[in-house]
Structure formats: structure tokens, C-alpha cells
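Asker: Sequence and computational prediction follow.
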Amino acid sequence: MKSVKTLLIIAALTVSSLAMAEGGGDRTFGRMDAAMKDSMESYQVARTQGTQPPVAESKTKVMDHKNC
């Protein structure tokens, strides 16, 4: 009887852990991977055409450190 209870507890814990294994991290990693592939394709096209690859612009202000 104790072995049956032990097996039921192990089965319950296994099923619950498998049910909760899918999370937001998998979707985030998938989006990151798709963005990287898209970026690399754009870079390769720009490189074969001989144009300058697109560069992201920073919207932060450049500070002049001479006055510090």
C-alpha cells in the first residue's frame, strides 16, 4: 500500500511539473531568435549590395563632459 501511495505521489508531481513547463520564456526566446535571423538577413543583403547596413539611432542626448 505504501508503494502505491509513493507511486501516486511521484506521478502527481511529474504531471504537474510537465503541465507548468511551458512558460513565457519560450515565446521570448522564439521572438529573439526570429529578430536575430531577420537582422542577419538584412545585413547580408546590404553587404551583397555594397550599401551601408542600417544602424539603429540612439535617441539619448550626447553630453559634453568638458564642463564637468
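Answerer: Great, that's in hand. Numbering: from 1, shown residues only.
Asker: pull the helix or strand with minimum mean pLDDT from this protein.
Answerer: Each helix and strand of the chain was given a mean pLDDT (mean pLDDT, DSSP states H and E); the minimum falls on helix 2-19 at a mean of 81.
Asker: max-length helix in the chain?
Answerer: helix 24-49 (DSSP state H).
Asker: Which parts of the least confident helix or strand of the chain count as buried, going by neighbours?
Answerer: Within helix 2-19, no residue counts as buried by 16 or more other C-beta atoms under 10 Å. From N, CA and C alone the C-beta is placed, and that goes for glycine too.
Asker: Export it to PDB, keeping only CA atoms.
Answerer: Output of helix 2-19 as PDB, limited to C-alpha atoms (Å, rounded to 0.1, in the frame of the first residue of the first chain):
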ATOM      1  CA  LYS A   2       2.900   2.400   0.800                       C
ATOM      2  CA  SER A   3       4.400   1.700  -2.600                       C
ATOM      3  CA  VAL A   4       1.100   2.600  -4.400                       C
ATOM      4  CA  LYS A   5       0.900   5.800  -2.500                       C
ATOM      5  CA  THR A   6       4.500   6.600  -3.300                       C
ATOM      6  CA  LEU A   7       3.900   5.900  -7.000                       C
ATOM      7  CA  LEU A   8       0.800   8.100  -7.000                       C
ATOM      8  CA  ILE A   9       2.700  11.000  -5.400                       C
ATOM      9  CA  ILE A  10       5.500  10.700  -7.900                       C
ATOM     10  CA  ALA A  11       3.000  10.600 -10.800                       C
ATOM     11  CA  ALA A  12       1.200  13.600  -9.500                       C
ATOM     12  CA  LEU A  13       4.400  15.600  -9.100                       C
ATOM     13  CA  THR A  14       5.600  14.600 -12.500                       C
ATOM     14  CA  VAL A  15       2.300  15.500 -14.300                       C
ATOM     15  CA  SER A  16       2.100  18.900 -12.500                       C
ATOM     16  CA  SER A  17       5.700  19.800 -13.400                       C
ATOM     17  CA  LEU A  18       5.100  18.900 -17.100                       C
ATOM     18  CA  ALA A  19       2.000  20.900 -17.200                       C
END
